[in-house]
Structures are given as structure tokens and as C-alpha cells.
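Asks: sequence and predicted model, in that order:
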Amino acid sequence: MSGGARRLHTVGSSIDELLFDAAEAHQRGDLAATETQCRAVLAVDAAEPRAVQILGAILAERGEVELAVDLFVTAAECLGPPTEQTFGFYNNYANALRLTQRNEQAEELLRELVAVAPRKWQPWHNLGQVLKDLRRFDEAAGALRRAITLEPGYGPNHGVLGEVLNKLGRLRSAGSSLRRCIELGWDTDVNLWTILGNNHRMLGELAEAIECLERAFELSEGSPNAHSNLGIVYSQVGRFDEALAHFRLAIHMEPDGRVLHSNAAYGLLIAGEIVEGWREWEWGALHAGPRGEERRLEVPRWTPERAPGRVCCYREQGVGDELLFASCYPDLIANVDSVVIECDTRLVSLFARSFPDAEVRAQTYDPIFGETMHDFDYAIPAGSLPQWFRSSLDAFPDRRAFIVADPERVRAWRDRLADIGPGPYAGMSWRSRLKTAERRLEYTRLDEWGPILSVPDVTWINLQYDDCERELTSAERTFGVKVHRWEWLDLMNDFEEMAALTCALDVVVAARNAVAMLGGAVGVPTVMMGNRWDWSDLGSDTSPWFPTIQLVYRHLGEEWDAVIATTAGTVRDVATSARLNLTCPTGT
């Protein structure tokens, strides 16, 4: 045999010779020859662990994962518990289990493996992957850091850690890990550049985000997801022509891609392409998308062309979204025979007073058994009403409010406020309760509110509805201001009291959250601080849903200083005008 020729052992060869050839073929990337040699070994010994280890990895890599698991199961029965000598076999076995989403089994096996082979980095890496898939991100980060300690030169150890840190909201650390992976030579990984680009986007570093996502676009040769990701970041910098071109190309390439339609919906609405945006909103935002799951209906979806009948309009998303979409309820009530509104339990009495021509009740749908009430002919989710009633900015009604607080509660709150001191009275809320990394981009911190809280002769009332006592105490000490709150008041759950208190105020200052939405819904002057280019603004520079809301915004990547200063000036002006005794409707 010449020096450059390959040996090929099959029939009659010993297992060791076949495994030697398999290892050589695998090392030079000849997977077909590797598979041939491994199968020749398994024809002699169906449970030979070294052949199963190699062939199982090949099968898993090309998507035949169940076949790989079957091989591992058979061999493991003969091999016994994991040892340091068999860690490679069991590591590949665990990886195959992970790829079939048997994550609990994979975790159990990998924990055995790191116990018997703690100095091997591979099982630590795979354990990190499994814990990531189980969404146990803190534990995943710990396992991956151990893998890095043992093998700092393996790029994916850093790359997967970067992905995990991104999920944890530790964006600066995530960026460092992702960059390190690239520096170590993994610079052609589309997923890596995509995560890094979105990480920069969540930090508000949009120029860097565009650079990374354009690199991912090149590497993917213009995949639908790469088009969509570029569309998102272009929308956030106001490059709408480019953004919409990417969204439309993504959908053209993958017409059934729900995430692509959903991303396009938000991009179109941000750009003010309202009709097309609502159409994509229907296609892509439901079915486990951002709007959640549509109910398994036993009746047709309502549209304006339907025959007369009783319509059930049911809630979706959070309370702030419910309040926003509730602005369409009067339109629905005016256009059908009768309406039943199913809303969050906390809103039932408030909505019943505000929409007396509809029946209002808590949601009756059961996730397991489906519909429990059968007293309607049609149904529609609340977020689908704008498609029919808000097809342009001109379609928004000219009204101050559409939610009516309890007049007795409003009077009681005015008395309470008078007891604590003179007005004007300003309510405050600076963030949402949901604190994801991306959502943190939307919100200021209370320790940045110095210029706002320093506006003279304003009595501040807390409307922040989660655990914020430490923040409030610190702000009072730092800025020398008193923020009033009542221990008995449940700002999270008692929307009757919340609405009444809000109506008794002269102004609300809030982030883009449920507090701002409630302020706008009851018609109180509200200053809402947020980012430019939110879908709900529909391409405008205000909030068309709530005429009494003034939007004060920044562009992503800018500091909040200008927003804080503008808001402070607005509070000063609104507080002065409060002496004109502008009040919201109270049903009297």
C-alpha cells in the first residue's frame, strides 16, 4: 500500500483495526468512511462503546437523533455506570438526550459524569447547554464558567456563556463573552453574530447592533430570520424603508413563518403603515406569539360582515394592553346586537361601570377544558378590534376618557389628599413590574428623577405597584422630598381604588406601563416617558389611544437626561394649570 493511500478494513478485520480507521477518518472529516467503519464494528459487537460514541455523534449531528439515542441506550446497558474512562461515550450520550429534549435525563447523566470526571471540560459544557435549555440560567452560567476554567481556548464555552448571560440580562458581560468566542476563531457562526447584535440592541448600541446583524445577514446568505432581525433594528433607528423591505422579503421567503409575520407587524405599526400592520398583527402575533394563544373557539371569529348576534370580546396580554384595547369597546358595542366583555378579574367592576351597555365578567375560558360559557354567537380577542376600528389615526375618537372611576371613591381620595397637604398632586411610577433586559431599555431609574422630584410645591403620590420601598426611601433621602403611600392600598390588584386615586390627582408621571395607560384611560393629564418608535404610537409622536397623555421620548442609545429635564418642565406647567381644576369623569 502506498504511503498516501487509505487503509480500509471491513470483513475479517479486528475491532481495534476498524476503530483505528474510524478514528482516522473522523479526524480528517470523512464522515462516510467513519460511519462505514463504525457500522462494521457494531456488526461484530452491537454495544461496542467506542463505535457507538463516534457513530452516535455523527447521527446526532445530521439530525437522526432518535437512532443515536437507541445506540447509546443499548451500549450503556452493557457498559455500566459512567467512569472517567467512559466519559466521552456518556458525554455524547447526554448530548443526544439533550437534542431529543430529554433534558432531565441528560442533566442526571451529566451530573454523574462531572462527579467522576471533574477535570474534563466537555461534560461541564454540555451541562451548561442542558441547564440553558431548562431555563435555569444561573446554574448554566456556573457550569459554563467551570468549562472555561478547564478549557479557556474553546470558543463555544464563551459563546454559550454569552447567550446565557444575555438571557440573565447581564448584557455587558454577555457581550464580552460573545466577543471572546469570536476572537478565538468562531467568527463565521451566524447564531453568534445574531445574539451579539441583539445584545447590542438591548444595550441601546444600535450602530454596533446593525454591524453585527449585517454580518449575520452576510453569513446566512440572506436567510429569512436575518432579514427580519435587520428589519427590527432598522425600525428602531427610524430607517423604515429599509426595515419594511427586509420584513417583506422575509415573509416572501418563508410565508408560513409566524415569528416573521409578528416582527413585521410591529415594524409596520411603528412606521405608521397601520392597515398592513394590523393585518400582520393578526397573522403573526397570535398562536403562541407576543399576543399569546388564541382561544380554541366553538363559534366563528367576529368580523363586521357577520350576521347580527352576541359577541364575546376577551382579554389578552397584560393589564396595560387591556386598558389600551378597551378604548375600542364602545365601537364594538355600537356595531353589534350585544357584547360580553371578558377581562382580568381586577378590572370587572371598573369595566362594568365604564361600559354599561355590555355584560362584563371575568374570563371564563379554561386552558384545559376550553369554553365554559356558551352564551355568545361570535368571539374576538380584544387586540383584534383595532383592525376594524383604528385603521388610521383619523379613526381615533376625540374624547378625553373612556374609563369611569367610582365617584364615591374619587371623593374619598380627594379628602385623603387634602388631609396630607395642598396640591397639586402628582402620581409617579417609573417602570414596569416585568424587568427583562430588553424592557429595562424602556425605563428610567428613580435615582435619576432628581429634576422631576425637585419641582416645587408638588405633593407626590406613589403609584408604583410592585416592591419599591427601598427605592422610595432612598429617593426621599437623596432628593429631600416626601412620597406619600398607604400601606393598606393594594396598587397591584385593587384597580377600583387605583382608578379613583388616579382621578383625584392633577397629573401622573409614569413610564410606558399600566399606570400611564390608566391615567390616559380616565382622562388625567399624564406624562409618559419612553423610547421613540413604539408600535402603539402608530408612527406618530404621541399616544393616539389616550388624548391626555403627553409622550416624552428619547431615541434608543441616548441618555435619559433630556427626557427627565423635559418631563420636569412639563410637570411644572401641568401643575400650574391644575389650579384650573381640570378633573376626569367620575360618573356624576
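Replies: Received the coordinates, thanks.

Asks: contacts only, for the residue lying closest to R399 once chain neighbours are set aside.
Replies: Distance criterion C-beta to C-beta, 6 or more residues apart in numbering; nearest residue to R399, sequence neighbours excluded, is P547 at 7.1 Å. Quick note: C-beta positions are derived from backbone N, CA and C, even for glycine. When contacts are counted by C-beta atoms under 8 Å, 6 or more residues apart in numbering, P547 touches 398-400, 520.

Asks: what is the nearest of those to N225?
Replies: Distance to N225 across these (C-beta to C-beta) is lowest for G520, with 35.7 Å.

Asks: any residues touching the one helix or strand that closest one maps to, and which ones?
Replies: Assigned by DSSP states H and E, G520 falls within helix 514-522. For helix 514-522, contacts defined as C-beta under 8 Å, 6+ apart pick out 318-320, 323-324, 326-327, 401-405, 427, 429, 432, 463-465, 495, 498-499, 502-503, 505, 508, 510, 525-526, 528, 543, 545-549, 584-585.

Asks: swap the cut-off to 6 Å and go again
Replies: Under the criterion C-beta atoms under 6 Å, 6 or more residues apart in numbering, residues 319-320, 323-324, 401, 403, 405, 429, 463, 499, 502-503, 508, 510, 526, 528, 546, 548-549, 584 lie in contact with helix 514-522.

Asks: do stretch 120-128 as well
Replies: Under C-beta under 6 Å, 6+ apart, the answer for stretch 120-128 is 87, 91, 94-95, 110, 113-114, 140, 143-144, 146-147, 150-151, 157, 160.

Asks: on that earlier part again, and the residue nearest to R399, what's its pLDDT?
Replies: What the model reports as pLDDT for P547 is 94.

Asks: ok, the one 5 residues further on next?
Replies: At V552 the predicted local distance difference test score is 92.

Asks: ok, now H26?
Replies: The model's pLDDT for H26 equals 75.

Asks: now, of the contacts of helix 514-522, which are buried?
Replies: Neighbour counting by 16 or more other C-beta atoms under 10 Å classes 319-320, 323-324, 401, 403, 405, 429, 463, 499, 502-503, 508, 510, 526, 528, 546, 548-549, 584 among the contacts of helix 514-522 as buried.

Asks: so which of those belong to strands?
Replies: 429, 508, 510, 526, 528, 549 (DSSP state E).

Asks: next SSE downstream of the least confident helix or strand in the chain by mean pLDDT?
Replies: Every helix and strand of the chain was ranked by mean pLDDT, DSSP states H and E. The lowest is helix 437-440, at a mean of 63. Next helix or strand after helix 437-440 toward the C-terminus (DSSP H and E): helix 450-453.

Asks: so for that following helix, mean pLDDT?
Replies: The model assigns helix 450-453 a mean pLDDT of 95.

Asks: which neighbouring elements make contact with it?
Replies: helix 561-577 (3 or more C-beta pairs under 6 Å, 6 or more residues apart in numbering; DSSP states H and E).

Asks: what residues sit buried inside the helix it packs on?
Replies: 563-564, 566-568, 570-571, 574-575.

Asks: any chance of the residues you listed in JSON lines, plus pLDDT?
Replies: Below are the buried residues of helix 561-577 laid out as JSON lines (pLDDT from 0 to 100):
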{"residue": "V563", "pLDDT": "93"}
{"residue": "I564", "pLDDT": "94"}
{"residue": "T566", "pLDDT": "93"}
{"residue": "T567", "pLDDT": "94"}
{"residue": "A568", "pLDDT": "95"}
{"residue": "T570", "pLDDT": "88"}
{"residue": "V571", "pLDDT": "88"}
{"residue": "V574", "pLDDT": "73"}
{"residue": "A575", "pLDDT": "68"}
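
Asks: where does pLDDT dip in the stretch 351-500 of the chain?
Replies: By pLDDT under 70, the weakly predicted segments of the stretch 351-500 of the chain are 434-440.

Asks: how about the helices in it?
Replies: Counting by DSSP state H, counting those that start in this stretch, the stretch 351-500 of the chain has helices at residues 386-389, 407-420, 437-440, 450-453, 469-479, 495-503.

Asks: which of the ones you listed sits closest to R180?
Replies: Here helix 437-440 is closest among the helices of the stretch 351-500 of the chain (C-beta to C-beta), at 19.5 Å.

Asks: can you pick the most crowded of the contacts of P547?
Replies: G520 (29 neighbours; other C-beta atoms under 10 Å).

Asks: and the helices in the stretch 151-300 of the chain, which stretches?
Replies: In the stretch 151-300 of the chain, the segments counted as helices under DSSP H, counting those that start in this stretch are 155-167, 171-183, 190-202, 206-219, 224-236, 240-253, 258-270, 274-284.

Asks: tabulate those in TSV, adding columns for distance to Q27 and mean neighbour count.
Replies: Output for those, formatted as TSV (distance: least, C-beta to C-beta, whole Å; neighbours: other C-beta atoms under 10 Å):
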stretch	distance to Q27	mean neighbour count
helix 155-167	19	24
helix 171-183	24	19
helix 190-202	25	23
helix 206-219	26	19
helix 224-236	33	24
helix 240-253	37	19
helix 258-270	39	24
helix 274-284	45	20
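
Asks: tell me which of these sits nearest to G309.
Replies: Per C-beta to C-beta, nearest to G309 of these: helix 274-284, 20.8 Å.

Asks: what angle do that closest one and helix 258-270 make?
Replies: Interaxial angle, helix 274-284 versus helix 258-270 (axes from the mean of the first three to the mean of the last three C-alpha atoms, to 10 degrees): 160 degrees.

Asks: quick one: pLDDT of R579?
Replies: 55.

Asks: hmm, I was thinking of Q37
Replies: pLDDT at Q37 comes out at 76.

Asks: so for it, what's the nearest residue that isn't a sequence neighbour?
Replies: Nearest to Q37 is A22, by C-beta to C-beta, 6+ apart, at 3.6 Å.

Asks: pretty sure that neighbour sits in a helix.
Replies: Yes. With the criterion set as DSSP: H, G, I helix; E, B strand; the rest coil, the secondary structure at A22 is a helix.

Asks: ok, it - contacts?
Replies: Contacts of A22 by C-beta under 6 Å, 6+ apart are 34, 37-38, 54.

Asks: likewise R50?
Replies: L19.

Asks: one more time with 8 Å, if that's ok
Replies: 19, 41, 89.

Asks: burial of the last one, as a residue count?
Replies: F89 has 23 neighbouring residues, counting by other C-beta under 10 Å.

Asks: got it, and the first one?
Replies: A count of neighbours around L19, defined by other C-beta under 10 Å, yields 20.

Asks: now for it: which residues touch it?
Replies: Residues in contact with L19 (C-beta under 8 Å, 6+ apart) are 37, 41, 48, 50-51.

Asks: on the three-state scheme, the nearest residue to D537 once chain neighbours are set aside is what?
Replies: Distances taken as C-beta to C-beta, 6+ apart put S543 closest to D537, at 6.2 Å, once the chain neighbours are dropped. What three-state DSSP gives for S543 is coil.
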